[in-house]
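Enquirer: structure for the following, please:
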Amino acid sequence: MVVPFYWMIATSLREPGAAFATASIEWLPTKLYWSNYAEAVSRMAADGMSFWRLYGNSLLVAAAGTFGQVLTSSMAAYAFARLRFPGREGIFFGYLATMMIPGSVTLVPVFAVVRALGWVDTYYALVIPGVFSPWGTFLLRQFFMSLPRELEESARIDGASLTQIYLRVTLPLAKTALATLATFTFMGFWGSFMWPLIVTVTPELRTLPIGLTVFTQRYSTDYSLLMAASVMATVPVIVVFLFNQRYFIESIKLQGIKG
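Expert: Alright, predicted model coming up:
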């Protein structure tokens, strides 16, 4: 798993245009070109796209989309796991059935809705269609159902409302599941390419994966600069994973204590 990351970093430090100059694999560059990182930023600026503006757009879209998806998924999951209303199971399974529909099938209808709302080439189009997730709802519902009901009943006896139980009892106990969903959701928004390409027109609203295409020409690809930009693009994902990793470790400890 580490080898692709090492190869990406090593390639980003090679001489521009010399990534595949030799037939044999050169694991360690003979000379390190740290200037590739600055050159990658300059190359994107020369093509009319500011690297840092695209970086900021990706951070904004990924953060807002992650927050929105965790919020909507947790609310829907709590309703399906704890509330009783007519047709609950049927609605839930119908919601899950949408997971069997490929994203390419719904791409055109969703774009038609976004265009009808006047959201094309706006941040709304980049964020809102992705904040609803059947997979996230299913993940959190299954976790909520594993929580003991006695805790919620105790809170209800103490006078807590349904909203207070959701915010102060259920969510704090579901940190591991929430961290898992947040990690995968952030990665999905951060690496999304097709949808931002379709719904944005102006360079100022585009995201970083679209900007990386400037290093791929019709007949050639400058892999050194592409990998340099990719290394910088990978940093937020690594930070999010390292931040959420403590919740995964905490969950393992708790499971061990229960055993």
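
Enquirer: quick check: which ranges of the stretch 151-259 of the chain have low pLDDT?
Expert: 218-219, 249-259 (pLDDT under 70).

Enquirer: please disregard the earlier target; I meant the stretch 1-150 of the chain.
Expert: 19-24.

Enquirer: what ranges do the strands span in it?
Expert: Applying DSSP state E, counting those that start in this stretch to the stretch 1-150 of the chain gives no strands.

Enquirer: if we ignore the residues flanking it in sequence, what's nearest residue 60?
Expert: residue 123 (7.1 Å; CB to CB, 6 or more residues apart in numbering). No exception for glycine: its C-beta is placed from N, CA and C like everyone else's.

Enquirer: centre-most residue in the protein?
Expert: residue 186 (2.1 Å; CA atoms, centre = their mean).

Enquirer: and the gap between that residue and residue 68?
Expert: 12 Å (CB to CB, to the nearest Å).

Enquirer: sorry, back to before: buried sites along the host helix or strand of the residue nearest to the centre of the chain?
Expert: Assessed by DSSP states H and E, residue 186 sits inside helix 175-191. By 16 or more other CB atoms under 10 Å, the buried positions in helix 175-191 come out as 176-187, 189-190.

Enquirer: quick one: the helices in the stretch 151-259 of the chain?
Expert: 162-165, 171-173, 175-191, 194-199, 208-211, 223-258 (DSSP state H, counting those that start in this stretch).

Enquirer: re the thing from before, spit out the contact partners of the residue nearest to the centre of the chain.
Expert: Going by CB atoms under 8 Å, 6 or more residues apart in numbering, residue 186 touches 62-63, 65-66, 236-237, 240.

Enquirer: contact partners for residue 70?
Expert: By CB under 8 Å, 6+ apart, residue 70 lies in contact with 136, 178, 181-182, 185.

Enquirer: so how far is residue 63 from it?
Expert: According to CB to CB, residue 70 stands 11 Å off from residue 63.

Enquirer: do residue 239 as well
Expert: Separation of residue 239 from residue 63 (CB to CB): 12 Å.

Enquirer: who's more crowded, these two?
Expert: Ranked by neighbour count (other CB atoms under 10 Å), residue 239 and residue 63 place residue 63 first, with 16 against 11.

Enquirer: ok, now which ones touch that one?
Expert: Residues near residue 63 by CB under 8 Å, 6+ apart: residue 186.

Enquirer: ok, back up a step: in this structure the residue nearest to residue 60 contacts residue 62, no?
Expert: No - counting by CB atoms under 8 Å, residue 123 does not reach residue 62; the two are 11.9 Å apart.

Enquirer: rewinding a little: residues near the residue nearest to residue 60, how many?
Expert: When neighbours are counted by other CB under 10 Å, residue 123 comes out with 15.

Enquirer: before we move on, what about residue 25?
Expert: Count around residue 25 with other CB under 10 Å applied: 7.

Enquirer: returning to what we had before: mind putting the buried residues of helix 175-191 into CSV with distance to residue 212?
Expert: Shown next, in CSV, are the buried residues of helix 175-191 (distance: CB to CB, whole Å):
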residue, distance to residue 212
176, 33
177, 32
178, 30
179, 28
180, 27
181, 26
182, 24
183, 22
184, 21
185, 21
186, 18
187, 16
189, 16
190, 12
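
Enquirer: thought residue 197 was touching residue 210?
Expert: Yes - using CB under 8 Å, residue 197 is in contact with residue 210, at 5.6 Å.

Enquirer: looking at these two, which is more packed in?
Expert: residue 210 (20 against 13).

Enquirer: mind listing what the more buried one touches?
Expert: By CB under 8 Å, 6+ apart, residue 210 lies in contact with 54, 193, 196-197, 200.

Enquirer: just the buried ones from those residues, in ChimeraX syntax?
Expert: Those of the contacts of residue 210 that count as buried under 16+ other CB under 10 Å are selected in ChimeraX with:
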select :54,196,200
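
Enquirer: can I get the contacts of residue 210 in JSON lines with distance to residue 144?
Expert: Output for the contacts of residue 210, formatted as JSON lines (distance: CB to CB, whole Å):
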{"residue": "54", "distance to residue 144": "37"}
{"residue": "193", "distance to residue 144": "33"}
{"residue": "196", "distance to residue 144": "32"}
{"residue": "197", "distance to residue 144": "36"}
{"residue": "200", "distance to residue 144": "36"}
